[in-house]
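Trainee: Build the 3D model from these lines:
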Amino acid sequence: MKIVDITLDRLRLELDPPLLAAWDPEPRTRFDATIVRVHTDEGVTGIGSGDTMAGFEQVRHLFVGEDPLAIVRHVKAIETANFHGGRYWPLEAALWDIIGKVAGLPVSVLFGNAARALPAYASSAELKSPEARVESALRAREAGFRATKIRIDRDQVAEGVAAVAAVRNALGPDFVIMADLNQSWRMAGDTAAASDLAKTRGLVRRLSELDVFWVEEPLPYEDVDGFRTLRAENPGLRIAAGEMQHSLPELLRYLEHDVLDVYQMDVVLAVGMHRARTLAELARLKHRAFTPHSWTNGIGMLANLHVAAGVGGGPYFEFPYDPPGWTPERRDFMLAEPLMVNAAGELEVPAEPGLGVELDEEAVARWRI
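Mentor: Model (predicted):
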């Protein structure tokens, strides 16, 4: 089997009203998605998505003509290409889709088959008042979710803590709450300083008192000692990070020095599926959790789900969900059906071979740039 072509569909969905993402200083008036298709001489096509694949045309020749099943070779080639520019992990997802289709198995089975479904948490996007956040949490619970993640802005700490407290009071002790401080990385052009360690220590202590399950990305990635300080001071609270940490040596250092409770590398944005599996296995061997970031689209979510379910990730899987600003229909506009949790609040691994992606070709044609 040989790769005969790699094609990209660049899609753009206009967002009206815009999404006011807590981590982005600019309102999001559009949602872009790049779909990667790897075509083979035997008629098997793999599909991936996630990062933008900007500049891929410059390195496309490294893969055309090669065996799509030679995944380790391709991972190494992607890493060399990434060093010089873009992030081409969606290509790896498409290759795993081919491997699963050839094997006749879901990719999660090839990765270990530890679970066929994972409990999902409703991952919010926007900053909302305590009253509005309670309303959204109640709607999430009605939709099946048993957990939610609330964003807290470094300049609106009191409001963020009040939102967490209001959800805790309204939904009770059995509803799981996470908090995301979005302090580990920045959107392009956002040069504002991160909240300092002293302020963050106070905030994390208050969240611990509210029985928050984990606090996510409370500090910049380089503040390794700060992460360890937060863990030591809050023994009943988990510290999560790593979603956009691209450096394998740094992630290994985190694991070696036991920096985090929960590792969150996104397989289509940060380190790829093959490398994420290795790091997740190491985390699990150290009795630490792996639950990947999944804020791309339904195809990127499926790639992350297959790795997490394969290795036994969890205890929760990220499901971007914050109506009306962010809905499954907006997120998965290129799919035949948007992904949704089942009645038990779990996201099920598709039973089809590969990643289980089913595109809506009319939508792809409609929104193609």
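Trainee: which residues touch the spatially closest residue to L339 that is not a sequence neighbour?
Mentor: Leaving out its chain neighbours, the residue that sits closest to L339 by C-beta to C-beta, 6 or more residues apart in numbering is G298, at 4.9 Å. All C-beta atoms are positioned from the backbone trio N, CA, C, and that covers glycine. G298 makes contacts with P328, R331, D332, M334, L335, P338, L339, V357, as judged by C-beta atoms under 8 Å, 6 or more residues apart in numbering.
Trainee: mind listing which of these are in strands?
Mentor: Secondary-structure check on the contacts of G298 using DSSP state E: no residue lies within strands.
Trainee: The residues you listed into TSV, with extra columns for pLDDT?
Mentor: Putting the contacts of G298 into TSV (pLDDT from 0 to 100) gives the following:
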residue	pLDDT
P328	98
R331	98
D332	98
M334	98
L335	98
P338	98
L339	98
V357	98
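Trainee: Could you measure from the residue nearest to L339 over to V157?
Mentor: Remark: distance between G298 and V157 (C-beta to C-beta, to the nearest Å) = 33 Å.
Trainee: try E348
Mentor: From E348 across to V157, the span is 37 Å (C-beta to C-beta).
Trainee: same question, R10
Mentor: Taken as C-beta to C-beta, the spacing of R10 relative to V157 amounts to 38 Å.
Trainee: go on, H246?
Mentor: Distance, H246 to V157, by C-beta to C-beta: 29 Å.
Trainee: With P25 instead?
Mentor: When distances are taken as C-beta to C-beta, P25 and V157 turn out to be 18 Å apart.
Trainee: Between the two, which has more neighbouring residues?
Mentor: Comparing P25 with V157 by neighbour count (other C-beta atoms under 10 Å), the higher total belongs to V157, at 17 against 10.
Trainee: Grab the nearest non-local neighbour of that one.
Mentor: Sequence neighbours aside, L203 is the residue nearest to V157 in space, at 5.6 Å (criterion: C-beta to C-beta, 6+ apart).
Trainee: Let me know whether the one you found touches L181 as I believe.
Mentor: Yes: at 7.3 Å, L203 and L181 qualify as touching, with contact defined as C-beta atoms under 8 Å.
Trainee: For the two, list the residues in contact with both.
Mentor: Looking at what touches both L203 and L181 (by C-beta under 8 Å, 6+ apart), the common residues are I152, S195, P218.
Trainee: hey, which strand is longest across the protein?
Mentor: The chain, longest strand under DSSP E: strand 3-19.
Trainee: Report all helices and strands that it contacts.
Mentor: With contacts defined as 3 or more C-beta pairs under 8 Å, 6 or more residues apart in numbering; DSSP states H and E, the secondary structure elements packing on strand 3-19 are strand 28-40, helix 328-331, helix 361-367.
Trainee: can you list contacts of the second one?
Mentor: Right, the one you point to is helix 328-331. By C-beta under 8 Å, 6+ apart, the residues outside helix 328-331 that reach it are L13, L15, L19, F31, N297, G298, M301, P320, Y321, P338, L339, M340.
Trainee: does the residue nearest to V157 belong to a helix or a strand, and which?
Mentor: Counting by DSSP states H and E, the secondary-structure element that holds L203 is helix 197-209.
Trainee: Tell me which residues are up against that helix.
Mentor: With C-beta under 8 Å, 6+ apart as the test, helix 197-209 has contacts from 152, 154, 157, 161, 164, 179, 181, 183, 195, 215, 218-219, 223, 226, 229-230, 233-234, 236-237.
Trainee: quick one: buried residues of that helix?
Mentor: Of the residues in helix 197-209, those with enough neighbours to count as buried (16 or more other C-beta atoms under 10 Å) are L197, T200, R201, L203, V204, R206, L207, S208.
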